[in-house]
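Trainee: need the 3D shape of this:
(one chain, ligands or ions: 2)
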Amino acid sequence: MKRQDYIHWDAYFMGVALLSAQRSKDANTQVGACIVSPENKILSVGYNGMPTGCDDDLMPWGREGSALDTKYLFVCHAELNAILNTPAGKLTGARVYVTLFPCSECAKAIIQSGIKEVIYLSDKYADTDSTRASKKMFDMTGVSYRPYEVTGTELTLSL
Ligand SMILES: O=c1[nH]c(=O)n([C@H]2C[C@H](O)[C@@H](COP(=O)(O)O)O2)cc1CO
Ligand SMILES: [Zn+2]
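Mentor: Ligands and ions are numbered 1, 2, ... in the order given. Coordinates of the predicted model:
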């Protein structure tokens with residue numbers, strides 16, 4: 001008989017997104033994304049980080065102060081990184097697992113890339129205009145989104 005306690009697709013891909021998030025240098029919010037084809041093949045992963053070549057140790061990671069002294073103008077979001085890590089035109093019909101609901105800039109990139117479904121873990125910025133704008137655009141363009149159904153599965157990685 002086959003093994004019964006294997007993890008299901010959603011747990012597998014959200015697990016990959018969570019593992020990717022562990023690469024983030026952001027002390028406040030670590031975000032991971034995993035893009036998957038309709039055939040359940042992983043196409044790309046990403047996490048929030050400074051653009052390639054921008055030294056993590058020289059860039060600001062704060063949240064407050066003048067704009068140029070915070071991370072916000074600089075950080076490349078997890079979803080955008082995952083999309084940019086893929087050859088153009090290859091994401092049609094794909095879905096993306098994200099540990100945080102996409103902001104409006106990432107929502108635009110998701111729509112333009114052809115991704116059709118978003119599965120998210122946290123929606124902690126649900127009451128921001130950015131998240132509202134994302135949902136408005138997803139609703140208009142037929143990109144579906146659903147919360148990850150937490151199963152209580154615990155995975156331990158010893159590395
Ligand atoms: O969709 C997203 N994807 C993503 O990678 N991020 C990143 C940018 C920042 O590094 C961090 C958010 O920072 P904070 O929660 O401290 O405001 O998460 C943030 C969002 C949504 O805000
Ligand atoms: Zn974003």
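
Trainee: please make it C-alpha for all contacts and neighbour counts, starting now.
Mentor: Fine.

Trainee: does Thr99 touch Tyr120 like I think?
Mentor: Yes. Taking C-alpha atoms under 8 Å as the definition, Thr99 is a contact partner of Tyr120 at 5.5 Å.

Trainee: so where does Cys106 fall, helix or strand?
Mentor: helix 104-113 (DSSP states H and E).

Trainee: is that helix positioned near ligand 2?
Mentor: Yes. Counting by C-alpha under 5 Å from the ion, ligand 2 is contacted by helix 104-113 at Cys106.

Trainee: now Leu100: how far from ligand 2?
Mentor: 9 Å (C-alpha to the ion, to the nearest Å).

Trainee: equivalent analysis for Asp55, please.
Mentor: 20 Å.

Trainee: same deal with Ala27?
Mentor: Counting by C-alpha to the ion - Ala27 and ligand 2 are separated by 17 Å.

Trainee: now for Cys76: which residues touch it?
Mentor: Counting by C-alpha atoms under 8 Å, 6 or more residues apart in numbering, Cys76 makes contact with Asn48, Gly49, Met50, Pro51.
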